[in-house]
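For reference, the sequence and a predicted model appear below.
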Amino acid sequence: MAGTGIGARVERKEDFRFITGKGNYTDDINRPGQAHAYFLRSPHAHAKIRKIDTAKAAAMPGVVGIFTGADIEADKVGGLICGWMIHSKDGTPMKAGAHPALAVGKVRYVGDHVAVVIAETLAEARDAAEAIIVDYEPLKPVVDLASATKKGSPAIHDAAPDNQVYDWHLGDEAAVKAAFRKAKHVTKIDLVNNRLIPNAMEPRAAIGDYNPGEEAFTLYTTSQNPHVARLVLSAFIGIAPEHKLRVIAPDVGGGFGSKIFIYAEETICVWAAKKVGRPVKWVADRTEEFLAIAHGRDHLTHAEMAIDENGKILGLHVKTRANLGAYLSTFASSVPTYLYVPLLSGQYNIPAIYGEVEAVYTNTAPVDAYRGAGRPEATFVIERLMEVAARELGMDPAAFRKKNFIKSFPHQTPVIMCYDTGDYNASLAKAMEIHDVKGFARRKRESAKAGKLRGLGYSAYIEACGIAPSAAVGSLGAGVGLWESAEVRVNPVGTVEVLTGSHSHGQGHETTFAQLVAGRLGIPIENVAIVHGDTDKVQMGMGTYGSRSGAVGMSAIVKALDKIEAKAKKVASFVLEASEADIDFKDGQFSVKGTDKSIDFASVALQAYIAHKFTGEQLEPGLKEGAFYDPTNFTFPSGVHIAEVEIDPDTGVTTIAKWTAVDDFGVIINPMIVEGQVHGGIAQGIGQALLEGAVYDSNGQLLTASYMDYAMPRADDLPSFRVDHTTTPCPSNPLGIKGCGEAGAIAAPAAVMNAITDALGHENIAMPATPQAVWQAAQAGLARAAE
Amino acid sequence: MYAFDFHRPATLRQANSLIGKVEDAKILAGGQTLLPTMKQRLASPAAVIDLSGVPELVGIEQKGRNLVIGAMTSHAEVASSALVRELLPGLAALAGGIGDPHVRHKGTIGGSIANNDPAADYPAGLLALGATIVTNRRKIPAGEFFTGMFSTALDEGEIITKVIVPTGGKFAYAKFRNPASRYAMVGVAVGKKGSSVVVAVTGAGSDGVFRWAEAEAALGKRFNAKSLEGVTNPPAKDLNSDIHASAEYRSHLIGVMARRAVTAATAK
């Protein structure tokens, strides 16, 4: 499509500044008189702090201040919070241990915050931190997820003596039991969803600044949701009331969920700025990020599926143990519960589902939402089960899926979600055609001739995005509403500023949101500026995560634009001396029905401000409108990814030979940006399947604390993706958008593992499927074949 | 990183004199290991002597049947040199496969072999090629130079000036990369000069680069990948084991990489 409106492949407006080094990231900002913070971190996974001696360190050159947990307590700084209450099966609330921003009495993971040193330079802060003497009494660490709650495990928090945070469930247990009694076949599977460490290009950073004249704080921080950060820092941690705390999240270099949360470091920077009377800056180095950023995933799951004699699914029982790490991060409790079990129905008509989740503490970094958050874990369970079940039944995996697809909408699943629309057959058929599934047998023979094993795997994923109807999530335990706000300010010359609560940190909002506005108002896209990331400019917002900015953030802009258009029509009616009902607005022109009288948008804007054509009694001057949009349902993006792998049995190296993705994201604003999101998501999903995995040793030391040992996917690990779409517009929002940001990461792991297990001819391989793991499995397979 | 003194001599003579009188100095040859280690505060030399200002240490020339490579010649220069590509294409390929473009443009052959990282590529390559390491004091055959993990025959204050590599034989290097670091998890270099065959293994040995005598004997009889089929892989007990690869897997990969290196070395 030509032009710049919805559906056009508009080049990203923000890219010029990013690729020419003109971005403005937190580390690019320096405040007059700024000092530098360095965090002394725990070398132990679990230890009592007997004593911290800072005397020698305090006398070191350049030191401005040194603070520990005792100072936090003395100032009555509140602890970090977990904003989603989960109740256990027995009705008891989750057991949340205290989470002070600097450790009080005890450290609970390697990387935990023991003290902060603030000095003239970072090097001086580091030197002084090395001179702090901490007397630790090491305790036995709890590292292994499977045995964390065993009798005799030391308690990490007094509040949770057996290290269990909650034992939660959802669904109808009796109905599931009945379904399994009727089953002709039961497929069982044990899965590990490997722990991942988010690696945004920009590490976390913060600058706290205090203005004693106004008694007001400013925090510059790498946040996906600056307003939520302000709310938590004000209302819960108690730094300052909201009108005395400004949070600015300038350009942010990627988040993937990890920058949703309110961490110890930014809390300390903003608090300490007042303590030392200087702006305090902290920028994480990579090792700190590996150690202390919120990690993702980390599930152990046993799942069973009941199937009748016709290959129809009767029921699903899933039991998961989720690792939440040493403390409950901001949204940690919601990820393995309401973002996980309600997605276990996948694209399938499953009459009975019962999910049980036991969440536990371990002496490892906190675990929270990471691209997809619960939904990749759910897709991995259901899509691995579908593939294994089909193989056990001797059915073609595509045919087995087709047989069980949901075909009529709306569809109420047994686990909360009501799918509004979709056409799962269409995505599957299109993906199979593009992928040339028919030619797979020939390609497999060719691989075999070259001594290679070839496999094909499907992943028919669904996700719930557009997060979320506020009342609904409130009833499930969320501490906030998940609407979004927008304000459209039209200037007298017809240029437009849109203020949005949807922060952009790679998603391209400055382009896609401008496409919406330019198309709607019939003005050049250059005349639209998108403003976000500053609580002093944007009144309120809930931020960017859960693929919600299009479905929720843009819907708020649509509501504000509706008001702008209505007001502008009133102005035009005075200027054109016609009745308001006779004014049409199209392609940027207001015209009077049945006449040749018209006026363009910019002229109406000018008239709205000079206010010569109407009186104050008739109409308020100006053209500025705001709106809040609260969604009425989740959105349900879905699709089919097909992975084809080739394995070298001599080395175990898996090569992604071919990848096809057909997604239904509803209406697409900018196909180029959507394709980029899909590519990045698939890369992360392939990373999880083949390369990435956090490894702690039995003492709780993180062995994968740098790129020497944590394998991030690189360009040469990936094939050229074939990405296409089907479209069923979302009925619950004005633009028909479903969301696309997480789809690839949700779909990809199951597709890869289904392909690898297909190639190897057996199921017993865990993620990441490293060359060593695949080689061992291939050798075992060859040995079996030889018998 | 801690504070340190920085010296940048312009001649080898100045470098020699500095190294004699500056206390606790480290030579900076490319910095691809030293600087990250210093940044992490794992190394804290009082002084760094940077050799990048010494032009006589850079360059590649043909001398008789040998290639002479200056110690401060970067991996990228070796990889792209027309001379190396013509006379020792396997060495050019080895250099072109080290690290990433940044590492290849900063890292040098002298720095790599002086460090003798157990997962570095050059030590295996130079062993298999029968190279000679020339220092400011003497000439050391590669076979005597690499003495163990991160250790070499270099004495205190001894500076590598160049590497002499014989041409005219057969040579290839096959590397299996660590999925995270992309260092050699197993790298096998195979060189044949006349009737002598050297098979050198990097990345796998618990004490750094080593020669695989059984493979050398088999290939000495007939230089063909098939000759390796009956040869037992080096025993796992002498090999590294870590989160990426067990010793058993490394042992297996040595066999695979050796066959691939011989195949490459014998390809037309």
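Noted; the coordinates are in hand. Numbering: from 1, shown residues only, chains lettered A, B, ... in the order given.

lowest-confidence helix or strand of chain A?
Here the helix or strand of chain A ranked lowest by mean pLDDT, DSSP states H and E is helix A:771-786, holding a mean of 85.

Counting by contacts, list what it packs against.
Judged by 3 or more CB pairs under 8 Å, 6 or more residues apart in numbering or on different chains; DSSP states H and E, helix A:771-786 is in contact with strand A:653-664, helix A:743-760, helix B:247-266. (C-beta placed from N, C-alpha, C; glycine too.)

Can you tell me which of these is nearest to residue A:75?
helix A:743-760 (40.0 Å; CB to CB).

neighbours around whatever residue of the stretch 401-550 of chain A ends up closest to chain B, how many?
Nearest residue of the stretch 401-550 of chain A to chain B: residue A:451, at 11.6 Å (CB to the nearest CB). Residues lying near residue A:451 (other CB atoms under 10 Å in any protein chain shown) number 9.

what's the spacing between it and residue A:652?
Using CB to CB, to the nearest Å, residue A:451 is found at 13 Å from residue A:652.

re the thing from before, so the residue of the stretch 401-550 of chain A closest to chain B makes contact with residue A:649?
Yes. With contact defined as CB atoms under 8 Å, residue A:451 reaches residue A:649; the gap is 7.2 Å.

Could you check which residue of chain A lies nearest chain B?
Ranked by CB to the nearest CB, the top residue of chain A for proximity to chain B is residue A:711, at 3.8 Å.

Check what pLDDT the residue in chain B that chain A sits nearest to gets.
Chain A sits closest to residue B:180 of chain B, with a gap of 3.8 Å, by CB to the nearest CB. At residue B:180, the model reports a pLDDT of 97.

That one is in contact with residue A:707, isn't it?
Yes. Shown here, residue B:180 and residue A:707 form a contact pair, counting by CB under 8 Å, at 6.3 Å.

More neighbours: which of these two?
Applying other CB under 10 Å to residue B:180 and residue A:707 shows that residue B:180 carries more neighbours, namely 21 against 14.

Can you check which of the helices and strands packed on helix A:771-786 gets nearest to residue A:185?
With distances scored as CB to CB, the stretch of the helices and strands packed on helix A:771-786 nearest to residue A:185 is helix A:743-760 (18.6 Å).

just checking, what packs against that closest one?
On a contact count with 3+ CB pairs under 8 Å, 6+ apart, helix A:743-760 meets helix A:375-393, strand A:453-462, strand A:638-648, strand A:653-664, helix A:671-686, helix A:771-786.

Ramachandran coordinates for residue A:346?
Per-residue torsions, residue A:346: phi 60, psi -140 (degrees, to the nearest 10).

domain ranges for chain B?
B:5-50, B:59-166, B:170-266 (automatic domain parsing).

Of the ones you listed, which is nearest residue A:390?
Of the domains of chain B, nearest to residue A:390 by CB to CB is domain B:170-266, at 30.2 Å.

what separates that closest one from the chain centre, distance-wise?
Relative to its chain's centre, domain B:170-266 lies at 15 Å (CA atoms, centre = their mean, to the nearest Å).

Quickly note the distance from residue A:113 to residue A:573.
As for residue A:113, its distance to residue A:573 is 61 Å (criterion: CB to CB).

So between those two, which is more surrounded?
Ranked by neighbour count (other CB under 10 Å), residue A:113 and residue A:573 place residue A:113 first, with 23 against 20.

Identify the bridge partners of that one.
Counting by DSSP bridges, residue A:113 forms beta bridges with residue A:41.
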